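Enquirer: sequence first, then the predicted structure, then my questions.
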Protein chains: 2
Amino acid sequence: MSHLDNDSFLRALLREPTPRTPIWLMRQAGRYLPEYRETRKRAGSFLALCKTPALACEVTLQPLARFDLDAAILFSDILTVPDAMGLGLCFAEGEGPKFERPLTREWEIRNLAAPDPCLELRYVMDAVAEIRRALGGSVPLIGFAGSPWTLACYMVEGGASADYHKVKTLAYTRPDLMHHILAVTTQAVTAYLNAQIESGAQAVMVFDSWGGALSEAGYQTFSLAYLRQIAAGLTREREGRRVPRIAFAKGGGLWLEALATSGFDALGLDWTMDIGRARALVGDRVALQGNLDPAVLFAPPEVVAAEAGRVLDAFGPHPGHVFNLGHGISQHTPPESVAALVEAVHTHRQK
Amino acid sequence: MSHLDNDSFLRALLREPTPRTPIWLMRQAGRYLPEYRETRKRAGSFLALCKTPALACEVTLQPLARFDLDAAILFSDILTVPDAMGLGLCFAEGEGPKFERPLTREWEIRNLAAPDPCLELRYVMDAVAEIRRALGGSVPLIGFAGSPWTLACYMVEGGASADYHKVKTLAYTRPDLMHHILAVTTQAVTAYLNAQIESGAQAVMVFDSWGGALSEAGYQTFSLAYLRQIAAGLTREREGRRVPRIAFAKGGGLWLEALATSGFDALGLDWTMDIGRARALVGDRVALQGNLDPAVLFAPPEVVAAEAGRVLDAFGPHPGHVFNLGHGISQHTPPESVAALVEAVHTHRQK
């Protein structure tokens, strides 16, 4: 087994006891950190930052230099996969991501093929390997990908969408084409995550950021079915250690029980559901990761500590909790709030 | 008791049997109708349309002329109340609503006062009275307002918000000021809805469009507590008939059981939760209104009919269902889809 100074994150994901509740934060390497903004400027663009392994490694490590976090997460973007499928990812200044060639015609959908992650996404694998070396066994490295449904939303809409007009029209009108996109993307995501594991990722997480836009039946059909396939296709062990899989379904509180049987070791929980209630629903089937409202970090340190304590107390004195925010950290967050949060979580005593 | 040709909407809200499931659609008078766009153009602006009773009446009736709907809803906007509190509502072309004077300073919050609905919101009461006359007892008229939390979000943010940065900072940092805004707004909303009832509204609905942005504890404290106060303060009977109250909590599926005991007769359900599961959770405590994904209306008529049938079958052969979309109808909806939907709901036979 490869050496790890601190494996409590991996243990908690497998519901094994840990000396204290581990913590990391979604988007912990990001714009709220001045050193990130400096590197981002030097890179020239967000995409250049993602595509230059040395710089991706640099920003991945920045939050760990400041805060006593229990895991690192690869700095990248979920849209690298459709980009590698030829859709042409671009970021206009001050706007969200866009695709130059979204899927609009049937032949474009029929021509879709999963990329070879070791060729078209080589830069990600190089970043993973470089970060692993740089971490030197201090904390584990998390790899990640977008869920097929979430990626398909971007691929069909061409960018973020308020009402999912195009992708839902496709789903309700031509479910055959929708399922084709999802099947190819599932194959791509599975191969991509396995290549990240091969390159050194010690846990993997699938972000279903837009699953919450679906109806319950739609979620089962267009998202959950493919998440199941991914979980079943992931490499289970590497370097003599289990590689835990996490699924994060933003807005998925209603489907938590279904998600708990989908093959993932842990579920990410957004901040809308009480984590004690969530634990009661999922029982011993999965660990939970979450779920502080990221907006709490706009408040003074004593409020941050009190609200973090509420989450910890709600989960209770059981194994299987990884502390996190319920969503990515906001760019408006004062770094001092993160310091207060990490301190509060690590020193918390269960009531 | 005042005469009504078709009272099945009111009956269903009180869980009384009806010959068929009544249907109306949130935002049924709106941009998807060419005749609406024509009147809107004539009015000059959206606000002028809201503030001119004759025109508000005209657009309220437009969908009823086309479709066999079982209720009319006042054409207005939830932000008329903060506008009447002096915040200065405006709509820039192609953008959402904005306030010229959002609540940013403590003294502005302390100075907040509930408007007199019969003075500052006279134009709404005039519209309600005019629509009632024009309806001539054909179907009931629904009045509405925004929930205190949802209005407070707009009042503090100054418009729509992606991350609720300002309002959540206030809620976590100065809960005393947040509760002051909510208390005054609750008083304003209660008086406003009662004035609508006095002017002729036969059912009232509170839209908690942004409640889903809160944590479970935050929802209890900042939204549900005030919804309860509103329900308790509403006029119960008018013209010899019960005036049913509906609460619609977008993204509120997780809190459905708490909402079911908050004093409302019916709960609006967005499209993310299976309505059969929702009915099992709320039991006989409330009626349910919903919950077709509005995006289904982008599909061909046979898909619309099939998906509407799924919702009806999921609810089952019980009293207490008002068919609706899970959210406001999209401006991209073909009117033919609405015709197909109304037909499908009215002719559906329970499996």
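Expert: Thanks, I have the structure now.
Enquirer: and the contacts of stretch A:322-330?
Expert: Outside of stretch A:322-330, the residues within contact range by C-beta atoms under 8 Å, 6 or more residues apart in numbering or on different chains are A:9, A:12-13, A:21-28, A:30, A:32, A:70, A:250, A:266, A:268-272, A:287-295, A:297-298, A:308, A:311-312, A:338, A:345, B:163, B:165, B:215. In short, each C-beta sits where N, CA and C put it, glycine included.
Enquirer: what about the residue lying closest to A:Tyr226 once chain neighbours are set aside, neighbour count?
Expert: With C-beta to C-beta, 6 or more residues apart in numbering or on different chains as the criterion, A:Tyr226 has its nearest non-adjacent residue at 4.2 Å, and that residue is A:Pro148. The tally of other residues near A:Pro148 (other C-beta atoms under 10 Å in any protein chain shown) stands at 30.
Enquirer: ok, now the one 4 residues further on?
Expert: One way to gauge burial is a neighbour count; for A:Ala152, by other C-beta under 10 Å, it gives 27.
Enquirer: A:Ala113 now?
Expert: For A:Ala113, using other C-beta under 10 Å, the count is 10.
Enquirer: around chain B, which positions in chain A sit nearby?
Expert: A:163-165, A:168-169, A:171-173, A:212, A:214-219, A:251, A:253-254, A:271-274, A:277, A:293-296, A:298-300, A:303, A:307, A:310, A:326, A:330, A:332 (C-beta under 8 Å from any C-beta of the partner chain).
Enquirer: could you turn the buried ones of the residues you listed into a ChimeraX selection?
Expert: The ChimeraX selection below is limited to those of the residues of chain A next to chain B classed as buried (16 or more other C-beta atoms under 10 Å in any protein chain shown):
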select /A:163,164,165,168,169,171,172,212,214,215,216,218,219,251,253,254,271,272,273,274,293,294,295,296,298,299,303,307,310,326,330
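Enquirer: could you pull out the helices for the stretch 51-200 of chain A?
Expert: A:53-66, A:80-82, A:106-110, A:122-135, A:148-157, A:165-173, A:175-199 (DSSP state H, counting those that start in this stretch).
Enquirer: okay if I get those helices as JSON lines plus mean pLDDT?
Expert: Shown next, in JSON lines, are the helices of the stretch 51-200 of chain A (pLDDT from 0 to 100):
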{"stretch": "helix A:53-66", "mean pLDDT": "98"}
{"stretch": "helix A:80-82", "mean pLDDT": "98"}
{"stretch": "helix A:106-110", "mean pLDDT": "97"}
{"stretch": "helix A:122-135", "mean pLDDT": "98"}
{"stretch": "helix A:148-157", "mean pLDDT": "98"}
{"stretch": "helix A:165-173", "mean pLDDT": "96"}
{"stretch": "helix A:175-199", "mean pLDDT": "98"}
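Enquirer: okay if I get those as CSV plus distance to A:Val206?
Expert: Listed next are those as CSV, based on distance: least, C-beta to C-beta, whole Å:
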stretch, distance to A:Val206
helix A:53-66, 19
helix A:80-82, 11
helix A:106-110, 22
helix A:122-135, 15
helix A:148-157, 9
helix A:165-173, 18
helix A:175-199, 7
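Enquirer: out of the ones you listed, which is closest to A:His321?
Expert: The minimum distance between A:His321 and these falls on helix A:53-66, with 20.3 Å, by C-beta to C-beta.
Enquirer: so where's chain A shaky on pLDDT?
Expert: A:351 (pLDDT under 70).
Enquirer: for A:Cys153, see how far away the residue lying farthest from the centre of it is.
Expert: Relative to the mean C-alpha coordinate of chain A, counting by C-alpha atoms, centre = their mean, the farthest residue is A:Trp107 (31.1 Å). Using C-beta to C-beta, to the nearest Å, A:Trp107 is found at 21 Å from A:Cys153.
Enquirer: ranges for the strands of chain A?
Expert: A:72-73, A:89-91, A:97-99, A:141-146, A:203-208, A:237-238, A:241-242, A:245-249, A:266-268, A:287-292, A:321-325 (DSSP state E).
Enquirer: how about A:Leu89, what does it touch?
Expert: By C-beta under 8 Å, 6+ apart, the neighbours of A:Leu89 are A:47, A:77, A:79-80, A:82-83, A:97-100.
Enquirer: hmm, back to that, now the strands of chain A in JSON lines, with distance to A:Ala195?
Expert: Shown next, in JSON lines, are the strands of chain A (distance: least, C-beta to C-beta, whole Å):
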{"stretch": "strand A:72-73", "distance to A:Ala195": "17"}
{"stretch": "strand A:89-91", "distance to A:Ala195": "19"}
{"stretch": "strand A:97-99", "distance to A:Ala195": "22"}
{"stretch": "strand A:141-146", "distance to A:Ala195": "9"}
{"stretch": "strand A:203-208", "distance to A:Ala195": "11"}
{"stretch": "strand A:237-238", "distance to A:Ala195": "12"}
{"stretch": "strand A:241-242", "distance to A:Ala195": "18"}
{"stretch": "strand A:245-249", "distance to A:Ala195": "15"}
{"stretch": "strand A:266-268", "distance to A:Ala195": "21"}
{"stretch": "strand A:287-292", "distance to A:Ala195": "23"}
{"stretch": "strand A:321-325", "distance to A:Ala195": "24"}
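Enquirer: what's the closest of the ones you listed to B:Gln350?
Expert: strand A:245-249 (32.2 Å).
Enquirer: what residues of the closest one count as buried?
Expert: So strand A:245-249, judged by 16+ other C-beta under 10 Å, has buried residues A:245-249.
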